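*Asks:* Requesting a structural model of the entry that follows:
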Amino acid sequence: MNILSGGLSLIVVSVVMLVALPVLAIDLQSARTEGLVGELPTGYVKALGGGAEISALVSEINDKRKQEYERISRENGQPVDIVAKLAAEQIIAKLPSGAKYQDTSGNWQKR
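*Replies:* Sure thing, here's the model as predicted:
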């Protein structure tokens, strides 16, 4: 193998890795299934494992939920924390089997 074909191989491998990275991204459902996130009674999610990818997912989900809770709060004249807790009850009730959630006593449970 000459230097040119070795360099070309490295470029091809790099491009394939860059294209494949989005495929490796995890979504909330997958993270729940893998036990990497759990639902909190406050209406938000918490990372239970994983690395930076899970932390980023948790931040993104919690930011979006907070925005939605604030919107609902404004529309209904209810405090944000009440809206979030009511949402948590609905979210937890609909979790798929095996998903983790924290009960109001602070104990982690599986659906």
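
*Asks:* Verify the contact between Q109 and G98 for me.
*Replies:* No. Counting by Cβ atoms under 8 Å, Q109 stays clear of G98, with 11.0 Å between them. Yep, even glycine has a C-beta here, placed from its N, CA and C like the rest.

*Asks:* which of these two has more neighbours?
*Replies:* Q109 (14 against 11; other Cβ atoms under 10 Å).

*Asks:* Could you give the bridge partners of that one?
*Replies:* Y101 (DSSP bridges).

*Asks:* so what's P41 up against?
*Replies:* K85, A88, I92, Y101, Q102, D103, T104 (Cβ atoms under 8 Å, 6 or more residues apart in numbering).

*Asks:* following the host helix or strand of S59, which helix or strand comes up?
*Replies:* With secondary structure defined by DSSP states H and E, S59 is part of helix 52-76. Once helix 52-76 ends, the next helix or strand along the chain (criterion: DSSP H and E) is helix 80-93.

*Asks:* follow-up on the earlier one: specify the angle between the helix holding S59 and helix 80-93 in degrees.
*Replies:* Angle, helix 52-76 to helix 80-93, by axes from the mean of the first three to the mean of the last three Cα atoms, to 10 degrees: 120 degrees.

*Asks:* Kindly spell out which helices and strands sit in contact with helix 52-76.
*Replies:* On a contact count with 3 or more Cβ pairs under 8 Å, 6 or more residues apart in numbering; DSSP states H and E, helix 52-76 meets helix 28-33, strand 37-39, strand 45-47, helix 80-93.

*Asks:* CA atoms only for the longest one - export them in PDB, please.
*Replies:* As requested, the backbone C-alpha atoms of helix 80-93 are provided in PDB (Å, rounded to 0.1, in the frame of the first residue of the first chain):
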ATOM      1  CA  VAL A  80     -45.100  25.700  36.800                       C
ATOM      2  CA  ASP A  81     -44.200  23.100  39.400                       C
ATOM      3  CA  ILE A  82     -47.900  22.000  39.700                       C
ATOM      4  CA  VAL A  83     -48.100  21.700  35.900                       C
ATOM      5  CA  ALA A  84     -44.900  19.700  35.900                       C
ATOM      6  CA  LYS A  85     -46.000  17.300  38.700                       C
ATOM      7  CA  LEU A  86     -49.400  16.700  36.900                       C
ATOM      8  CA  ALA A  87     -47.500  16.000  33.700                       C
ATOM      9  CA  ALA A  88     -45.200  13.600  35.600                       C
ATOM     10  CA  GLU A  89     -48.100  11.600  36.800                       C
ATOM     11  CA  GLN A  90     -49.400  11.200  33.200                       C
ATOM     12  CA  ILE A  91     -45.900  10.400  31.800                       C
ATOM     13  CA  ILE A  92     -45.200   7.800  34.500                       C
ATOM     14  CA  ALA A  93     -48.600   6.200  34.000                       C
END
